[in-house]
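Participant: Pasting the sequence and the predicted coordinates here, then a few questions.
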Amino acid sequence: MKKFLTLSILSTSLLAACGGGSEVSMRTPKGSPNATVLVEEYADLQCPACAAAHAQVTTPLLEIYSDKIRFEFHHFPLRSIHRFALDAAEMSECAADQGKFWEFIDVAYKNQSELGFEALVDWAEVVGLDVDVAERCWKSHSKRDIVLNDYKEGRDRDVAGTPTFFVNGERVQTGVDTLGAAIEAAIQDGKMPL
């Protein structure tokens, strides 16, 4: 019985690691997990405005407020205008399974002009993933529901374009100044995010 249980646990772990249909994202928030301020971004990995916001807004905000905010990334692939957005989002979730979600996001935005099927596999190697596992995961589309659930949640919150930011559930205009002011106000308010 013990041998069977061990094999069962091992099989389940291997399936999750290679894209066996896990519908729970393994991505982790950035910043402080116990922060009273929740900053959320809905973004598309093929969106040029999202790449700019990642470099000019998100990264500086995390440097300033990393100990005061919990930053969560949500997928919002605009498939009608960005051919590879859904695939890139799925591969980022496969990277999350290997603990490299944020590294993949950084590489994807930095090299966005090269985005295509071949680039996704190349980026998996660049960030240090087990490429065979990541490629199987991506090609199986086992992470598609995670991405589409993020997208649906965004639509339910009236997200129409990317990037879109929320601070403690309130939509905030994209910008270091506007988001910084909203974060400061939320810190002063001291209420936990919904």
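Facilitator: Yep, it's here. Residues are numbered from 1 along each chain as shown.

Participant: Could you pull out the strands in the protein for me?
Facilitator: Counting by DSSP state E, residue ranges of the strands within the chain are 30-31, 37-43, 69-75, 164-167, 170-172.

Participant: Give the pairing partners of the third one; include direction for each.
Facilitator: If I follow you right, that is strand 69-75. Strand 69-75 has the following sheet partners, assigned by DSSP bridges: strand 30-31 (antiparallel), strand 37-43 (parallel).

Participant: neighbouring contacts of that strand?
Facilitator: With CB atoms under 8 Å, 6 or more residues apart in numbering as the contact definition, strand 69-75 has outside contacts at 27, 29-35, 37-44, 58, 61-62, 89, 92, 101, 105, 146-147, 150-151, 153-154, 183, 193. To be clear about C-beta, it is placed using only N, CA and C from the backbone, and glycine gets the same treatment.

Participant: quick revisit: can I get the strands of the chain in CSV with mean pLDDT?
Facilitator: Shown next, in CSV, are the strands of the chain (pLDDT from 0 to 100):
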stretch, mean pLDDT
strand 30-31, 96
strand 37-43, 97
strand 69-75, 97
strand 164-167, 98
strand 170-172, 97
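
Participant: His54 is nearest to which of those?
Facilitator: strand 37-43 (7.6 Å; CB to CB).

Participant: just for this structure, where's the confidence low?
Facilitator: Scanning the chain with the threshold set as pLDDT under 70 gives 1-22, 191-194.

Participant: Who does the residue nearest to the spatial centre of it form a beta bridge with?
Facilitator: Within the chain, one residue has its C-alpha closest to the average C-alpha position: by CA atoms, centre = their mean, that is Phe73, at 4.2 Å. Residues in a beta bridge with Phe73, per DSSP bridges, are Glu41.

Participant: roughly how far apart are it and Glu135?
Facilitator: Separation of Phe73 from Glu135 (CB to CB, to the nearest Å) stands at 22 Å.
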